Structure formats: structure tokens, C-alpha cells
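Colleague: I'd like to go over a predicted model; first the sequence, then the structure.
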Amino acid sequence: MTTTTATPRGFGYRHPQFRLAGLLAAPMAWLVVVYLGSLFALFLTAFWTVDDFTGQLVRTFTLKNFQQVFTNTAYLSTVVRTVSIALLVTLFALVLALPLAFFMARVASPRWRPLLVALVLTPLWASYLVKVYAWRAMLQPENGVIAWFLQPFGLSGPGYGFVGIVVTLTYLWLPYMVLPIYAGLTRLPNSMLDASADLGASGGRTFRSVVMPIIFPSIVAGSVFTFSLSLGDYITAQIVGGKITMLGNVVQTTYVTNLPFAAAVATIPVVIVLLYLLAVRRSGALDNL
Amino acid sequence: MHTKRLLKIAAIGSAVAMLAAACGGSSSSSSSSAGGASGGASAAASAAPAPGGTAYAGPVGTGEGQLNVLAWPGYAENGSTDPAVDWVTPFEKETGCKVNVKTFGTSDEAVKLMQGGGWDVVSASGDATLRLIYGDTVQPINTDLVPSYADIFPDLKMQKFNSVNGVAYGIPHGRGANLIMWNTDKVKQPLDSWAPMFDANSPYKGQVSAYDSPIYIADAAVYLMATKPELGIKDPYALDQTQFDAAIALLNEQKPLISEYWSDALKQEAGFKAGSNTIGTTWQYTANLAKSDGIPVDATKAKEGATGWSDTWMIAKDTPNINCAYKWVDWIASPSANAQVAEWFGEAPSNAKACAETSDKAFCETYHAGDTAYWKDVYYWNTPTANCLDGRTDVKCVPYSEWATAWSALRA
Amino acid sequence: MSISRGTRIVLTVFALIAFAFIYVPLGVILINSFSVDKNLTWPPSGFTTEWWGKAIDNQGVRDALVTSIGVGIAATIVAMVLGTLLAFALGRYSFFGRESLSLLVILPIALPGIVTGIALNNVFTSFLGGLTIWTLIIGHGTFCIVVVYNNAIARIRRMGGSVEEASADLGAGGWTTFRLVTFPLMRSALIAGAILAFGLSFDEIIVTTFTAGPGITTLPIWIYQNLFRPNQAPIVNVVAAALVVISVIPIYVAQRYSNADESGGGLI
């Protein structure tokens, strides 16, 4: 982290604070005023209620919304369900991404690497909606692709539900897990691996003790995406989830009639993600995004 | 360093100031609604002026060239669903008002979208109309400016859900019942009852499709009217706490039977095609579309009675396109367009003269357009209020906001 | 590190399976875009190129595409300006609150889209009176900043300050240094960031549904509205397939630009 001050000799040189202030003014105005401000305003509404009949906001302070969320087992189970989905997706993405990234970085010849990276990136450009819809088609109980494969065995497609959501989300966020790990692995100097071998470590030992600690920040960086993107998703649940709902669905359906309640529910994933980010910051993963 | 900090403080300060302004200057609507809210669905005897201000005095002049329409799917077809089905383009040609249509899946969506602004007209069902009226979102309508109004069936005019204190708030559109639909390949005997949708031993467990809106609680109440008469439910939108809890309990029992809750009619249709839905509650519109797409389905009104809707075209309160708005509501209620919508969607038209314009001459008969007996056990969507809609004064009924809360807890 | 042959084979097979997993759904989309069936039945009962023709003629698709491109470009410009400014501020100076600020930049993309969406929607409908195309651009710009910022700050850190100092020693003023020295070094990172930002905005649906004014239809909104409509669903497949095919170009370009410095050192 360089902390050099600006060098050109002008007003800006003599007064680096102004130069800094000038640089920061616009982004700060945008991020703090517009973005943070709107988040704060939303958080405020979580303490209000709506008029019974007209649905207009009633601006009196109350904790009723939070009470409702935390005392109702239905909502609590939704929180648990959503967090489990996010964790499972992160896990499966990791399980798929790690060997794949390893293959791309270490096994495939360097000539192929740009192509492999491009192959991993390409699905990101196919519309998110269409990919989910493709999975809806594949998961159909009767006419889906998976049903078609399973037909000779007398089984029908998996249909829509928890499994469908996890599989689809894993599919969607896989590139976000592969790329940071791949980047981390390519930055791994060969000399370290040679040194480890010179010291007598087997391949597995080297992997566990040398490679993993170095790419751990990359793994965490990838997990930030897969975890937080899954935590807040609701469209996938709508399309392949059957009657399963996630936190995002609760927010989406209630914000229409009861914004304060939706805001209260929305604070839950925000808090979870914030905690996750703060915990992750220490591992240096945020620099690897 | 100092400047940086000062800048930060200034930024945060301005954000706080912005919010303080919001808190201080509360919108006038919350105070005006307080007056009207207690009246509930029945004509409120409040001395306050009619919500929504005064109606447009007219006359209806040249169009402003633009009209943003919020409609139920199938109500404002512009050829994009089926090139042969289009009554929007002729309207655009005749009036010069370019129409931009957005469809919504539930009344809650409609209310929220209208409150967000930008929409000129909306086709509102009874469970949205009163919220829009008392929320100051729509304006009263001057029926003298709508020539088609004269031919509307009398039992649709000035109803509890589209008028307040003798002031009309919209033009009736059409009406229909919520039907039960089944896949004829899998269900050998035609259905005639809601029982397979609620019974724990239903043979269609895991393949039932129900409507994803708090108003669906009324459907459970209708079923209870037939199966548990001891609860004493007279109006499925007037439920006291005991009756309401019974309806919610029934819906919780139904949950394991459900494959998907639908708010997008076409998604429900796709589910029938995919095989994930075998039976479900639906609109005639969806059944018609499914049949025309080659999906083997049939639909009918269940014998226990059904919920239904009677829709009203309403005009947004401060719409800039007032002339186009009036032209639209007159157009859509005129015999020709009204007939086309009714036939496409599958509902009874609101304009008596439309019956002569339908391509199927027996249409009005099939849809019971003038048959009052048919509509007796169809309970049009309405807005539940704390003052019981069935007139009971000894108990308090559960208001819509609690319907919504209970529904979201059920769906979670 | 020598990887045993057995491990190599296992990894290669695994990679093949993984790539198959990634591409089978895309293949399904592509095949369905030629399928005769209007619903997503598998296997397709016949093939036709009819939908491709219809997609090109479809006015809705064309309008949505134009809107998406316009919004994408505007959001990218916003993101480029703000992201670069931020990257310079955080990369070259140390000040109170720098760590928090770097966390703040990530928030729009880390927090669930629906939260950002309803927060912005709430503010826009309460204060600005309604949603327009500008509210949409604001929404998109906000989460695109981080993408540009990441690329820019990575490059700035690698650049070090010595080149700029040398330029100043040779007598160049602030703006000249930026124009002739700093910017050319940054260019490839900025282009990579811009392409990613554009891609992000182009495909965004959640924040878009909450911040776009009535009547504004970006391509993802058009897709969302037409996903389930039997007459339009095949066209949606065509659009998706086309997107994948066309996207090869920006991916290739982004790759080239971000690889330029992979091989150690800047362009000097």
C-alpha cells in the first residue's frame, strides 16, 4: 500500500488534503448520500407501520415489525432455510470450483488457459433469467431434460423445490468461485512448490500446507459472492422453487402491502452479509475480489 | 485530514437533513385517510369531502398522446400475446394516445404500482378499489363524460366497491368467478367441488396450484361455508378472529398439497404443461389459453360457490393524461371492445350491448352475463375491514392488513 | 510441484464434467431456440429457424435492446468516473476512514439486490416523485462502481508512484502527467472494468424492476415479462442464445486487456 502524496507542483501539491477531497467529493456524495442514505431511510421505515386500511405509512416508532419477524416460527424457519441454501451453494460451488481451477492453473498447458478462462466466463453473459429458466426446463417433472434421462429408469424429473434452488444457484454463481481461485493459483510462485518438494513434502502435503493457506483468501473472496448472492435471491426461488420461499421472496411479497415489515425482514440478510464481510476483511479476501 | 472529515460530516449531515424533512413533512394522505378508513366498505357517512378530489369537469378534448395503463393480463391486448387479439392498436389509431401497458398478477401489486405513480388508468378489482379510493390514489369519475356508461348492466353500477357516498370512482369492466381447473388426461372424472384442493387425502397431493395472494384466504372461507356451517360465515370477506383462524388452519393443511402458488397466470399454465400442476384454482383466461396451446384442461365453477371479481377502470388522481384516460375508459367499456375483452379473457362483459357484438352468439349466456342467480354464490373480491362487511356489529372482523400478514407467514 | 499422472487424469476428467455441467443448460437454450415447441418440452419435436426470424423483427426486443445498451453505457460512464476517482483516493492516500470506505464500495454488490432495490425505490418514490430512466441509471451506476474500482485500484497499486514522480521531475504539470503518463498505464484496467460494468448492468434484473420508471423496458425486463408467454418464450430463447454468441467478443477483448500486464510489469 503506497502512501505517496501527489507529486505535481501546483495547488494540489501544496495541499494534498484538497486534492484528496476533490477526488472523494463525487464518489462520497453518491455512495454516502444516495446509497447509504437510502439504506438508512429503509432501515428507519422498519420502525414504522402502515395504516390498516389505506396502506399508507404511519410514522410512529414501534418495534412491532421486528417482534413479528423474530417471534413467528414461519419466518425464522425461512431465515434458517435461506442461510442453509446459501451455505450449501457456497459449499457445492467450492467443491466444483477448486478442482476445476486447479486443473486450469496447473494441469492444463499455459497455451489453453485464456481459452479456458473465457469458457468459464461466457455463461456470465447469458442472461441470468434465461439460465434459471433453462433449469426450470431441465427440472420439469415430465418433459424436462433430466426427466428424459431418468425415464428409462422409471423415474421422473426432480421437479421444483429446495434441491432445484440449490442446484440452480450453484450453477449460476460457479464462475464467481472459479475465477478468484484460479487467479490465486496462477499467482502462486512455482518456487514455493519446489521448495516444499525439496523439503520432502508429498503432493498432498504440499497442497494442504502450502497451497491452501495461500489461496484461502481467494476462496473466501469467491464465497462472498456465492453466499451473499444466494442469500438475497428470490427470482430463482420463484422460477424453480415450487412453493419454497426464501427471505428475498418474503421481502418481495410484503413490500407491496407493508413496507415497514419488508424493511424489517430485509435487515436480516443485510446484517448477515455485513457480519460476513467484516469477518472476511481480516483475511484479506476483499483485496482479491 | 480535517477537510476529509468535514466532507464526510457534511455528507452525512445532508443525508440526515433529507430524512428529517421526510419525517417532518408527512404526506397529507395519511391524515385524510384517517377520516375515511373507519367507514369501511359500506358508504362512509363522513362529512369529509370525497377522497381523490373532484372529478374532471370535461369536456374530453384531444388526447395528450400518451397513456400508461395498468391492467390485469388479458385486459389490454396489443397483439403481443396473439397477433389477432388487439384492441389497443385501434384505440391508438383513433385517439392518437400511445398506450403503454403493464400487467400485474395480484391486486396488491396493482395498489403498490399505483401508489408509486406514473400510471394513468388501472383495472382494479374490489380488493384494490377501496384502498385506492381511500388512499387518495384515484379520482372520482364524471360518468357524463363516458357515453358507454349508460349501457352498463345496472347491477354493476354504484356498488360498494366502486363508489363512495354516491360518487362513482370508476367504470365497471366485467366480472368473473375463480374456477377449478384440472388436467383432463390425469383426472378422469370432471371435478365439481373444491374438495380435492383442500382434503388432506387428496389424490393430487403435491400437484395443486393455488392463487398466491392474501385474498385467497376468502377461497378457504368459501369452502368452510359449505363444510363447516357451524362457523357461521356469511361473507368470506367478513371474518371474525375465530372464522379467520379456521380459514388459516385450512390453508396450512392445504400447504403440503401445493406444488406452486401462482400469481402469474402464464406460469400456472406452464406448470400444467410441465406436469407439475394437475388441478388448481384459476381464471377462465388461463384455461382458454391452455386449451388453445394444446394442453388438455377443463375448468368449472365449484358447487360450494367461489370467489370472483368485478373489475373497475379507475383514473389516477393527478394524471397528466386526463383526456386520454377518459377516452380509454370509454373505449374499453364500449360494446365492441368490451365484447372482445370478455371473449378473450373469458368473463361476463359489463356493457349490455356487448352481448350482440361477441363472435360467439351464445357467449353472454355461457358466461351468465345477465344471470343474477349465477352470481349469487360468487363473492366478488372485496377489501376486508375491521367493521364487518356483513353488517355484524357485535364483533370486529379481521382487516386486510392482517390478512396480508397472515398470508406472508403462511407462505414463508 | 509434480502432480502425479493419476491426479492429472482425475482432474482432467473432472474438468470435463464441470465444463459439461456449465454448458449443458446453455446447450438446452440453444437447441430450444430452434425447437418447434412453444413450451419448453424436451426432447423437441422438431426444428425450425422461424423464431430467429421473428426475434429480429420483434419490435419489443429491439426497443428493449436499445434501452439496455443506453442504460448500460450511461451506468458504465458513471461507474468509470466515480470508480476511478475512488481508486485514486484510496490507492494513493491514507486517511481516516479509508478501510470503511473500501468496505462501503463493495456494499452495493454484496448486499442483496432486493435490499438495494427497495431502498432506492423508497427514496425515489418518496422524494423524487417517481421512477424514470435516470433513477434506473442511478441504481445501476451504484453497483457498477465497485467493478471499475477493483480493476483500477489493482492497477494503481501495481503502478507505484515512481513513474508519476519521474514525470513531475521532468517538469510536467498535474494534468499533463495524468494525460500522458497515468492514463495510458491505467487504460487497459479501465477498459476491462468498463466491459465488466456494462455486462453487469446489461444483465441486471432485480434492482432494475424496482428503479425503472413505468414503460421503461430493458432487455432483462422484457425477458422476465415474456418468459412464460407461449408465443414469446421461443423468442426469449433466441435472444439468450444470441447473447451468449455475441458476448464472445467483449469477453475476448476484456481478456486481452487484463492479460496485458499479467506477464509482469506495466506497458513501459
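Modeller: That came through, no problem. Just so it is clear, the structure is predicted and the values come from calculations on it, not from any experiment.
Colleague: where's residue B:410, which helix or strand?
Modeller: According to DSSP states H and E, residue B:410 maps onto helix B:400-411.
Colleague: what mean pLDDT does that helix get?
Modeller: pLDDT averaged over helix B:400-411 equals 88, rounded to a whole number.
Colleague: ok, that helix near chain A or not?
Modeller: Yes. Helix B:400-411 comes into contact with chain A (CB under 8 Å from any CB of the partner chain), by way of B:400, B:401, B:404, B:405, B:408, B:409, B:410, B:411. In short, each C-beta sits where N, CA and C put it, glycine included.
Colleague: does the third one touch residue A:254 like I think?
Modeller: If I follow you right, that is residue B:404. Yes. Counting by CB atoms under 8 Å, residue B:404 touches residue A:254, with 7.2 Å between them.
Colleague: quick one: which of those two has more around it?
Modeller: Per other CB atoms under 10 Å in any protein chain shown, whichever of residue B:404 and residue A:254 has more neighbours is residue A:254, with 26 against 23.
Colleague: excluding its backbone neighbours, what's nearest the more buried one?
Modeller: If the residues on either side of it in the chain are set aside, residue A:254 comes closest to residue A:262, at 4.4 Å by CB to CB, 6 or more residues apart in numbering or on different chains.
Colleague: so residue B:383 is in contact with residue B:130, correct?
Modeller: Yes. Residue B:383 sits in contact with residue B:130 when judged by CB under 8 Å, with a separation of 4.5 Å.
Colleague: near chain B, which residues of the stretch 151-289 of chain A are found?
Modeller: That would be A:159-160, A:242-243, A:245, A:249-250, A:253-258, A:261, which are the residues of the stretch 151-289 of chain A within reach of chain B (CB under 8 Å from any CB).
Colleague: again, 7 Å this time
Modeller: In this structure, the stretch 151-289 of chain A approaches chain B at residues A:159, A:160, A:242, A:243, A:245, A:250, A:253, A:254, A:256, A:257, A:258, judged by CB under 7 Å from any CB of the partner chain.
Colleague: so who does the nearest residue to the last one once chain neighbours are set aside touch?
Modeller: Which is residue A:258. If you skip the residues right next to it in sequence, residue A:258 has residue A:50 as its closest partner in space, 5.3 Å away by CB to CB, 6+ apart. Taking CB atoms under 7 Å, 6 or more residues apart in numbering or on different chains as the definition of contact, the neighbours of residue A:50 are A:56, A:57, A:58, A:258, A:259, A:260, B:401.
Colleague: closest one of these to chain C?
Modeller: When those are compared for distance to chain C (CB to the nearest CB), residue A:259 wins out at 6.8 Å.
Colleague: secondary structure class for whatever residue of the stretch 151-300 of chain B ends up closest to chain C?
Modeller: With CB to the nearest CB as the measure, the residue in the stretch 151-300 of chain B that lies nearest chain C is residue B:266; the distance is 3.8 Å. Using DSSP: H, G, I helix; E, B strand; the rest coil as the criterion, the local structure at residue B:266 reads helix.
Colleague: what's the helix or strand for residue A:67?
Modeller: Element membership of residue A:67 [criterion: DSSP H and E] is helix A:64-71.
Colleague: equivalent analysis for residue C:87, please.
Modeller: Remark: residue C:87 resides in helix C:59-92, with elements defined by DSSP H and E.
Colleague: just give me the neighbour total for residue B:262.
Modeller: A count of nearby residues for residue B:262, using other CB under 10 Å, gives 23.
Colleague: and if you look at residue C:57?
Modeller: 10.
Colleague: same deal with residue C:70?
Modeller: As a burial measure, the neighbour count of residue C:70 was computed by other CB under 10 Å and equals 13.
Colleague: ok, residue A:77 next?
Modeller: Neighbour tally, residue A:77, other CB under 10 Å: 11.
Colleague: cool, and residue B:57?
Modeller: As a burial measure, residue B:57 scores 8 neighbours (other CB under 10 Å).
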